[in-house]
Structure formats: structure tokens, C-alpha cells
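S.K.: need a structure here:
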Amino acid sequence: MKPHHFILGAALLLSTAFNALAGDRFAYEAKAFQSALEAGKPILVHVTARWCGECTAQKPIVATLAQLPEYKDLTIFDVDFDTQKDALRALKVQKQSTLVIYKGKAEVTRAVGITKREAIEAVFKKAL
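M.R.: Numbers count the residues shown, from 1 in each chain. Got it, this is the predicted structure:
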């Protein structure tokens, strides 16, 4: 086996194993959200807008935390603040940069505008 083939194979295997630790992440769709909720899965709803500075700061932190093994069962639904107005009404969200955690079919916490990793991780921990 050529060295570059070995490195490519190892990288592919490692990325597959790393992704296996990640929770599911979806664009918000009402039926999928309802199914996850009825199944009692821990859920994070992340409401963002492209123009939002807080959202830009949150996104890489949320992505990094979602990769941690302790959050492998967390289902994340991304809501676009500008285009998904029905979702905003259904979820009673009024601002972008909103994080909402559901556990056992019920909302357990909500945070708006937080951008510090520790604060975002505290929200994630409510899903455990």
C-alpha cells in the first residue's frame, strides 16, 4: 500500500468514527421536530440569521459541542430566522440567536444572545 493511500484511508476512517459521536442535525421541519419530540429525544433548536453577529459566534461553538460524546443523542434543529416564520411562531421564538432545549417532550430551557462557550455548554447540559 502506498503511504498516501494509507493516510487517506486512515483519515476517512477517523472522520467516520468522529461523526458517529455526533448527534443528528437537521434543518427544521415541523413533522421531523414533532417526531423527535414525541420520541422523547433530547433536542436543541438553534435559531439563527445570516446577518446576526451573535449567531455567527454561536455556530462554531454549537458545532464543536455537538461533536462531544456526551451529546451524541442530541438532535439539533436549525431554524432560519428570516425564512421560517411558521417555525418561529410554533416555537414562540422572537429573536435570532435563540437556543431552546427540549427533554422528555417538554421545553426545559431557553437562552437568547449568549456567545460564551461556557454559557452555551450550560444550555447543552440541560439536555442530558
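S.K.: Low-confidence ranges, this protein, go.
M.R.: Applying pLDDT under 70 to the chain flags the ranges 1-22.
S.K.: repeat that with 80
M.R.: 1-23 (pLDDT under 80).
S.K.: Show me where it has its strands.
M.R.: 25-27, 43-48, 75-80, 98-103, 106-112 (DSSP state E).
S.K.: Which strands border the longest one, and is each parallel or antiparallel?
M.R.: Partners of strand 106-112 in the sheet, by DSSP bridges, are strand 98-103 (antiparallel).
S.K.: what's the distance between the partner strand and the middle of its chain?
M.R.: 9 Å (C-alpha atoms, centre = their mean, to the nearest Å).
S.K.: How about stretch 87-104?
M.R.: Counting by C-alpha atoms, centre = their mean, stretch 87-104 comes out at 12 Å from the chain centroid.
S.K.: A90 reaches A30, doesn't it?
M.R.: Yes: using C-beta atoms under 8 Å, A90 is in contact with A30, at 6.7 Å. C-beta here means a position set from N, CA and C on the backbone, and glycine is covered the same way.
S.K.: Spell out for me which residue occupies the centre of the chain.
M.R.: When C-alpha atoms, centre = their mean is applied to the chain, the residue found nearest the centroid is I76 (3.5 Å).
S.K.: This completes my enquiry, with thanks.
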